[in-house]
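J.: coordinates only, sequence not included:
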């Protein structure tokens, strides 16, 4: 059992800022070579410039052809973190079809596309780690979050489908349910969330599959 990711390559989608960047930094701190992803080359290069443990991977995660090209260019990927996400607060009656599709494309379809692209290589090597970043709204909801909650709830079951289909190939697919606020009202720092993803990316989690690891400072435990 080890948390050491030396010699591993990790792709973190949506990792030029915020939680995605913090997760990428945590993986790099554990020894991984990290592919930083964003839609624009400028944003990606601003993160990777001058670093030895990060490579630039600018591509649109909702563009099937772009995903395939990027994964081929990166070479073998040992760890995939599907972090890209967006929210759009609209009541269901005011939500336009294009807006609904955009939220599902970014939050759900992107995870399918990137995971499908990296899975054959993982299957060939007999190992791989996929971490899908979920939310409290994977199981709960509130007014005006219908599209987001639907996308994150579906992502949770997509993760379990990955487990069902790929577990016998040595691939572990899990959800990290990340939230930066605790019952006491303190907002957590993004780097407080990285340990969970390092665990799920490491051999320490080799018998953890199809699960949700909740990192919310106790938010989901209280009313």
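T.: Structure's in. What do you need? Computed from a prediction, not measured in an experiment: that's the story for all the values here.
J.: what packs against the host helix or strand of residue 34?
T.: Here residue 34 sits within strand 33-38, counting by DSSP states H and E. In terms of contacts (3 or more C-beta pairs under 8 Å, 6 or more residues apart in numbering; DSSP states H and E), strand 33-38 is packed against strand 9-12, helix 18-29, helix 41-48, strand 54-58. (Glycine included, C-beta is placed from N, CA and C.)
J.: scan this structure for its longest helix.
T.: Looking across the chain with DSSP state H, the single longest helix is helix 146-166.
J.: buried ones in it?
T.: Neighbour-count burial for helix 146-166, counted by 16 or more other C-beta atoms under 10 Å, picks out 146-156, 158-160, 162-163, 166.
J.: for the spatially most central residue of the chain, which residues are in contact?
T.: The residue lying closest to the centre of the chain (C-alpha atoms, centre = their mean) is residue 82, at 2.4 Å. By C-beta atoms under 8 Å, 6 or more residues apart in numbering, residue 82 lies in contact with 13, 110-111, 114-115, 130-133, 155.
J.: a markdown table for these, including secondary structure and distance to residue 97?
T.: Listed next are those as a markdown table, based on DSSP: H, G, I helix; E, B strand; the rest coil; distance: C-beta to C-beta, whole Å:
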| residue | secondary structure | distance to residue 97 |
| --- | --- | --- |
| 13 | coil | 25 |
| 110 | helix | 19 |
| 111 | helix | 21 |
| 114 | helix | 24 |
| 115 | helix | 26 |
| 130 | strand | 30 |
| 131 | strand | 31 |
| 132 | strand | 25 |
| 133 | strand | 26 |
| 155 | helix | 20 |
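J.: and the contacts of stretch 15-25?
T.: Contact with stretch 15-25 is made by 10, 12-14, 34, 36-38, 43-44, 46-47, 54, 81, 83-84, 133, 178, 180, 189-191, 193-194, 197, as judged by C-beta under 8 Å, 6+ apart.
J.: what about residue 120, distance to residue 164?
T.: Look at residue 120 and residue 164: by C-beta to C-beta, to the nearest Å, they are 17 Å apart.
J.: got it, and residue 209?
T.: 9 Å.
J.: how much space separates the residue of the chain most remote from its centre from residue 146?
T.: Distance from the C-alpha centroid of the chain peaks at residue 93, with 29.7 Å (C-alpha atoms, centre = their mean). Residue 93 sits 10 Å away from residue 146, going by C-beta to C-beta.
J.: residue 113 now?
T.: When residue 113 is compared with residue 146 (using C-beta to C-beta), they lie 23 Å apart.
J.: show me what the helix or strand of the chain with the lowest mean pLDDT pairs with in its sheet, parallel or antiparallel.
T.: Within the chain, no helix or strand scores below strand 212-215, which has a mean of 88 by mean pLDDT, DSSP states H and E. Each strand paired with strand 212-215, and its direction, by DSSP bridges: strand 171-178 (parallel).
J.: still on that earlier bit, chain center to the least confident helix or strand of the chain, what's the gap?
T.: 13 Å (C-alpha atoms, centre = their mean, to the nearest Å).
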